[in-house]
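**Q** fold the following and give me the result.
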Amino acid sequence: MTRRMYRHAVRVRAVPCLDIQGESGGSARGEMTALAFTFDASVTPDKQSETRETGTLRPRERRLLLAARSVKLYQGDHLYFPGDTRCWRVMQARYYPQHTHIEAEVEG
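**A** Residues are numbered from 1 along each chain as shown. Model (predicted):
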């Protein structure tokens, strides 16, 4: 397991997000760039075969990240990969004693 984690390690930039409420009562999700940080993680290939829901044929792109250390990420936070201009959204983070599993999906 650890050999795989370090073999395909990529430096990932994580930007925490926060719900912001406007004066009119509307809410939006905004990035807190001041709290951005980077971490190394092994990234598995995209899964193109899954669909977003049963009624649509649009495939979603997902990645599974294995971080060697505990990374505090929450659902909705944004991830950026080197060489990829798209924004990836954290769908789920599972914490284990020696590593963290992070599932991410293309935003939008």
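**Q** state the distance from R63 to Q21.
**A** Distance of R63 to Q21, computed by C-beta to C-beta, to the nearest Å: 31 Å. All C-beta spots, glycine's among them, are computed from the backbone N, C-alpha and C.
**Q** H78 now?
**A** 19 Å.
**Q** so these two - more neighbours on which side?
**A** When H78 and Q21 are compared for neighbours, H78 comes out ahead with 21 against 9, by other C-beta atoms under 10 Å.
**Q** next, give phi and psi for that one.
**A** The phi and psi values for H78, taken as degrees, to the nearest 10, are phi -100, psi 140.
**Q** what pLDDT is listed against the residue of the chain positioned farthest from its centre?
**A** Each residue of the chain has a distance to the centre, and by C-alpha atoms, centre = their mean the biggest one is for S24: 30.4 Å. Per-residue pLDDT puts S24 at 88.
**Q** and it, which of the three is it?
**A** At S24, secondary structure determined by DSSP: H, G, I helix; E, B strand; the rest coil is coil.
**Q** what segments of the protein are helices?
**A** 2-7 (DSSP state H).
**Q** helix or strand with the lowest mean pLDDT in this protein?
**A** Lowest by mean pLDDT, DSSP states H and E among the helices and strands of the chain is helix 2-7, with a mean of 57.
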